[in-house]
Each structure stands twice: as structure tokens, then as C-alpha cells.
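[1] one predicted model, sequence on top.
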Amino acid sequence: MIGYVTLGSNDFEKAKEFYDAVLAEVGGKRVMGFERMQLWGSRPGSGMLAVCEPYDNKPATVGNGVMPALTAASKEAVDKTYAKAMEKGATDEGPPGLRGDTFYGAYFRDLDGNKICVFHSG
């Protein structure tokens with residue numbers, strides 16, 4: 001149902017480097033790019049994550065309550081993705097762990113302060 005989610009960045013080149021590394025841990029790779037926007041996906045037809053320089057030329061800001069969630073194939077993939085995000089300069093918002101009976105997730109903020117979840121369920 002969701003085609004893509006866009007996050008704003010105030011340092012587009014750093015954001016692309018960050019997401020190249022972090023999304024690779026969950027099978028993501030660059031699938032489409034433009035001068036001011038880069039999109040990553042894992043397979044044709046799946047949802048994508050985009051990072052862009054705001055088109056109104058105002059600073060990118062974080063949306064209160066906005067949090068894209070990335071699916072991972074396993075708990076180990078959640079752990080690796082979270083570790084890669086921390087290595088690349090993310091801020092911890094909740095280390096990997098079980099939340100509820102079957103939801104295993106981790107939370108971090110990217111270099112621009114956007115909150116991201118990576119999870120495995122089941």
C-alpha cells in the first residue's frame with residue numbers, strides 16, 4: 001500500500017552515505033535517484049525509503065510522531081542494522097529487544113534526527 005516514505009535531510013550527501021550502509025543490512029539498495037532525492041528499495045514493487053533536500057529550500061525538520069519502520073528478515077538482521085546505524089552516527093532511541101510476544105525491534109534517530117524503527121515480527 002505504501003509506495004515510499006520521504007525524510008528530509010540538511011546534508012544530502014551524508015544522508016545518502018548513512019542510508020547506503022544502514023539499509024544494506026536489511027537488503028536495501030539505491031533504486032532511483034534525482035538531483036535532490038534518493039530512494040532505496042529491496043525488491044521491485046516493494047515500499048521504498050527516500051531522502052531529500054526540501055524543495056522549499058527551508059531546513060529539514062523532524063516530524064513529531066513520524067517513524068518509518070523497516071522490516072528485517074530476522075532478529076540478527078535487526079541487531080546488525082541497529083549496530084550499523086550506531087556505527088554511522090545514529091542516536092539510540094531503544095536498543096534491539098523483544099517488545100510484546102513476537103515483535104523484536106530497535107529504534108534510532110538518523111543524522112538529521114528522523115526516528116527509524118527496524119523490526120522482525122513472528
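    Cool, the structure landed.

[2] what's the longest strand anywhere in the chain in contact with?
    Ranked by number of residues, the top strand in the chain under DSSP state E is strand 91-99. Strand 91-99 has contacts (C-beta atoms under 8 Å, 6 or more residues apart in numbering) with 75, 78-79, 82, 86, 104-109, 113, 115. Quick note: C-beta positions are derived from backbone N, CA and C, even for glycine.

[3] number of residues surrounding residue 49?
    For residue 49, the count of nearby residues is 22 (other C-beta atoms under 10 Å).

[4] actually, residue 1.
    3.

[5] could I get the contacting residues of it?
    Taking C-beta under 8 Å, 6+ apart, one finds nothing in contact with residue 1.

[6] can you show me the CA trace of stretch 43-59 as CSV?
    Taking C-alpha atoms only, stretch 43-59 is exported to CSV below (Å, rounded to 0.1, in the frame of the first residue of the first chain):
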residue,chain,number,x,y,z
ARG,A,43,12.8,-5.6,-4.5
PRO,A,44,10.5,-4.4,-7.4
GLY,A,45,7.1,-3.3,-6.2
SER,A,46,8.1,-3.0,-2.5
GLY,A,47,7.9,0.1,-0.4
MET,A,48,10.8,2.5,-0.6
LEU,A,49,12.6,4.9,1.7
ALA,A,50,13.6,8.3,0.2
VAL,A,51,15.8,11.1,1.5
CYS,A,52,15.6,14.5,0.0
GLU,A,53,16.7,18.1,0.3
PRO,A,54,13.5,20.0,1.0
TYR,A,55,12.2,21.6,-2.2
ASP,A,56,11.2,24.8,-0.5
ASN,A,57,14.9,25.3,0.4
LYS,A,58,14.0,25.6,4.1
PRO,A,59,15.7,23.5,6.7
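
[7] so how far is it off the chain centroid?
    How far stretch 43-59 lies from its chain's middle: 11 Å, per C-alpha atoms, centre = their mean, to the nearest Å.
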